[in-house]
Each structure stands twice: as C-alpha cells, then as structure tokens.
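Q: A structural model of the following input is requested.
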Amino acid sequence: MEQQWWDVMRSTWKYSLYNIFDTHSFKPLLVLMDGTKQYMQIASRSDLEQLITKVDYMVEELEGHIQEKRRLQEMGQEMQDLEQGEGIIITVKELRSAASNMLESFGQ
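A: Modelled structure (predicted):
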C-alpha cells in the first residue's frame, strides 16, 4: 500500500505547477509535500534523484513568481500574499533537503 501512495506522490510532481498565491492551489500543494515526505522513505535512488530535479524546477518557478510579485509591489500594487508564497518556497526547499539527505544515505 505504501508503494502505491509513493507512486501517486512521485507522479504528481510531474504536474505540480501550482499558483501559490491562490488558496485553491495552496492547500493541495501542502498535502503533496506532506505526503511526499511521508512516503519518500521507500523511494529508490533514481526516484529521489528525479524528485530532487522536479522540486528544484518548482523552486525556480516559485521564486520567479515571488520576484514578479515584488516587482509589481515596488510599482505600487499591493501584494498581500507574498508571505504565503515565501513560506511555500521554504517548505519546498525543506522537502528538497530531506530528499537530498536520503539520497546521500544511499551512498553510505
């Protein structure tokens, strides 16, 4: 059963471009990250490598969104969701660190 859940989590990252400033996307992303942390314990080395690549891509995309929001804010537009977006980026980076640590343990 765990393997099935890991397969779901792993495959969902392929399609995980979320709008972190939209509450409808925010909650599913948190569920995806929590589920990934829980089930990546059974991941293979190649699964972890692929996950890290996908998470890195997501971080780049999210940071790009944050930079755009900051630019708009500097132009005078009010941006209330920056803290939420920054919090998501921190959480995604923590997931990446956990996956990287697991990957390193394969080499020991």
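
Q: and the helices in this protein?
A: 2-12, 23-39, 45-74, 82-106 (DSSP state H).

Q: pLDDT wise, what is the residue sitting furthest away from the middle of the chain at?
A: Relative to the centre of the chain, the most outlying C-alpha is that of Gly76, 29.3 Å out, by CA atoms, centre = their mean. pLDDT, Gly76: 72.

Q: got it, and Lys37?
A: The pLDDT attached to Lys37 in the predicted structure is 90.

Q: same thing with Pro28?
A: So, for Pro28, pLDDT stands at 80.

Q: distance-wise, check it relative to Lys37.
A: In this view, Pro28 and Lys37 are 15 Å apart by CB to CB, to the nearest Å. Placement of C-beta: from N, CA and C, glycine included.

Q: looking at these two, which one has more neighbours?
A: Taking other CB atoms under 10 Å, Pro28 and Lys37 do not tie; Lys37 has more neighbours (15 against 12).

Q: where in the chain is pLDDT low?
A: 15-24, 77-81, 107-108 (pLDDT under 70).

Q: name the residue closest to the centre of the chain, please.
A: Residue closest to the chain centre, computed by CA atoms, centre = their mean, is Val92 at 3.7 Å.
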